[in-house]
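Chemist: what would the 3D arrangement of this be:
(chains A and B)
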Amino acid sequence: MAGFRLSQGFPAAALLSALLLAGVWAQQKPAPSPALDYVCPMHPEVRSAVRGKCPKCGMTLVPGIPDPVEYPLELKLTPSAPRPGQPVQLTFAVKDPHTGGRVTRFEMVHERLFHMFLVSQDLEFFEHDHPDKLPDGTFRYEARLPKPGMYRILADYYPSDGTPQLSTRTIFAGAGELRPARLAADLVPKETANMQVTLTTQPEAPLAGYRTLLAFRVRPADGLEPYLGAWGHMLAASDDLIDLIHTHPSWADGGAEVDFTVIFPRGRPFRLWVQFQRKGTVNTAVFTIPVRTLE
Amino acid sequence: MRLRIIVALTLGVLAPNHSGAHDISTTPVTYSREISRLLNHYCISCHHEGGTAFSLTSYADVRPWAKAIKEEALERRMPPWGAVRGFGDFRDDRSLAQEQIELIGDWVEGGAPEGDRALLPALAFLPEAPEMPPLTRELTVAGGEAVISTTARVAGILPGQLAKGSSLMVVAHRPDATTVPLLWIYGYDPRFRRSYWYREALMLPSGTRIDMSPSDGSSVILLLKKQRSIRDLLRVGGKQEENRRFLQRRPDPSACRRRPGRNALQVLRTQSVPKPEGFDTGGCAIPFRFRRTSVGCFQEGFSLLVPWCVIPSS
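Modeler: Numbers count the residues shown, from 1 in each chain, chains lettered A, B, ... in the order given. Now for the predicted structure:
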């Protein structure tokens, strides 16, 4: 990694990471003409001149330009007033904006029909899981909200005949206080289930609105496996839980280094949950990075 | 690692560049393909020639503003929706989704390339207010916390007193211990104060506590649903502004016909329609014949669905 860090200011690092990105994309071959333009419905930056699968998520590339249409998500809680520490059933129903009816057919996204991230307001509680699909088209999940307060849910699903959806919802356990979290920077290497995860950022002090390269190194790296169709998954959440960014590696080859590239939207602390799978075990490492605004 | 950097740099230099001789384009996201569609959907209803803000309808218009567009979108100042996504389920949510914000950031940081003009979409001016709002009465909630004393059907909400740049989170705690997110304003800009209409009206029983955070003297106004009659709807006096806004979206000069001495709308007949989901009172479809008004001329036979009205007994 030392060779990558050019000991220099941000512009050089930005240029380098920009060129690095261009290189990664160049390998994926931009389309020479609209007629041959195939695109991943999930990752608009992934295109191909020929039919094929997205290298990031394995989804079949589709011709043309998908026109994003919002499919509203209804969320029902049972019981309707969940109590901290008690089980609560989350039922998700997706509505077709054209007919108003419930959507029952979904496409796979990263090997699952529905991904759900659940984060508590203090950003101490994190869950990435996959609600079960019921015959009526709804998705059900048994959760346990550990403490009183607000929780934000990021749901990731892809209605057949529609476009991929990322929806956010807010639920509450008990009354709780509505107070933003106070996050301190934490870039200490993490010991997780069966590996150690370290994080280096480029630039060292990430700037809102500019690309940040998040270079993760895992040790040991032997037995690293794709987890849900990617070498890693990351959720980046701002301290106020307004920004919830779900992203996948911009570079990975199954070795010890896995890079993500993120543009943090605002100058606030961001908490990162990064997940890797090694020898069948999912490892989740948590870091907190302060993001500055360029004055 | 070193080998990888060299490979990446080489490919970066060789990557095709559609955006002009001097730009270094490091993104496949282009104006013609993605960004024009986002602008069409979210921006150009105001940002067009003769509109309320400078034009963003062509690459030549947009390119000089690229950095500013990125900053405004990433900071969630534009489009000026003002409410945080996923906190209250609103109709016609005009805010950008996270992945759309990422797309804009990626485009601008990649050199804001134009891309292949053959991929440009047709310009489409979308109406700003697709539906006429329901008839409501207002209930102001101030002082951080308040308990409502009657059962309310809350159709919408709007900021009352709120300092510029401040944020405010509003929730309702019902007597049955359920908590409902009502509104989360982020970085309030009074220039764009607006009403937010729920996709479905919220029932708040008597005794519901409205909680605001921070509790610093800010206030919000709950818009409580009232039943609307056809007479209300068509009364030109008080409803003139609503009618005008609604009709303005489908002007058709060829259908203009003078009918001296008549009101702007003439009801031909009413027709019962099934009760739409989320409405309590049933509905009517009212085909109208239009005439010249102060704002334009309108097509004959246009049908207006009025789901919140009361069906008259015949």
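
Chemist: who's in contact with the residue of the stretch 51-200 of chain B found nearest chain A?
Modeler: When scored by CB to the nearest CB, the stretch 51-200 of chain B has B:G86 as its residue closest to chain A, at 2.9 Å. The way it works is simple: take the backbone N, C-alpha and C, and place the C-beta from them, glycine included. For B:G86, the contact set (CB atoms under 8 Å, 6 or more residues apart in numbering or on different chains) comprises A:R152, A:I153, A:S167, A:T168, A:R169, A:T170.

Chemist: now swap in B:T178 and tell me
Modeler: Going by CB under 8 Å, 6+ apart, B:T178 touches A:S80, A:A81.

Chemist: sorry, back to before: let's have the contacts of B:G86 in CSV, adding neighbour count.
Modeler: Output for these, formatted as CSV (neighbours: other CB atoms under 10 Å in any protein chain shown):
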residue, neighbour count
A:R152, 22
A:I153, 22
A:S167, 20
A:T168, 19
A:R169, 21
A:T170, 23
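
Chemist: now the strands for the stretch 101-250 of chain A?
Modeler: Along the stretch 101-250 of chain A, counting by DSSP state E, counting those that start in this stretch, strands occupy A:114-120, A:126-129, A:132-133, A:139-144, A:149-157, A:165-173, A:190-191, A:196-202, A:211-219, A:224-225, A:233-238, A:244-247.

Chemist: who wins for proximity to chain B among these?
Modeler: strand A:165-173 (2.9 Å).

Chemist: which residues are contacting the closest one?
Modeler: A:70-73, A:75, A:77, A:82-84, A:88, A:90, A:94, A:145, A:147-159, A:244, A:246, B:85-87, B:97-99, B:171, B:179, B:181, B:184.

Chemist: parallel or antiparallel, list what pairs with it.
Modeler: Using DSSP bridges, the strands paired with strand A:165-173 in its sheet are strand A:149-157 (antiparallel).

Chemist: find the least confident helix or strand in chain B, judged by mean pLDDT.
Modeler: Lowest mean confidence among the helices and strands of chain B (mean pLDDT, DSSP states H and E): helix B:2-14, at a mean of 36.

Chemist: and after that helix, which helix or strand comes next?
Modeler: Counting by DSSP states H and E, the next helix or strand C-terminal to helix B:2-14 is helix B:36-42.

Chemist: could you give the mean pLDDT of that following helix?
Modeler: For helix B:36-42, mean pLDDT rounds to 88.

Chemist: now B:L182: which helix or strand?
Modeler: Assigning secondary structure by DSSP H and E places B:L182 in strand B:179-185.

Chemist: what's that strand packed up against?
Modeler: With contacts defined as 3 or more CB pairs under 8 Å, 6 or more residues apart in numbering or on different chains; DSSP states H and E, the packing partners of strand B:179-185 are strand A:165-173, strand B:152-159, strand B:168-173, strand B:196-204, strand B:219-225.

Chemist: dump these into TSV; add distance to B:T27 as well.
Modeler: Below are the helices and strands packed on strand B:179-185 laid out as TSV (distance: least, CB to CB, whole Å):
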stretch	distance to B:T27
strand A:165-173	20
strand B:152-159	37
strand B:168-173	35
strand B:196-204	34
strand B:219-225	40
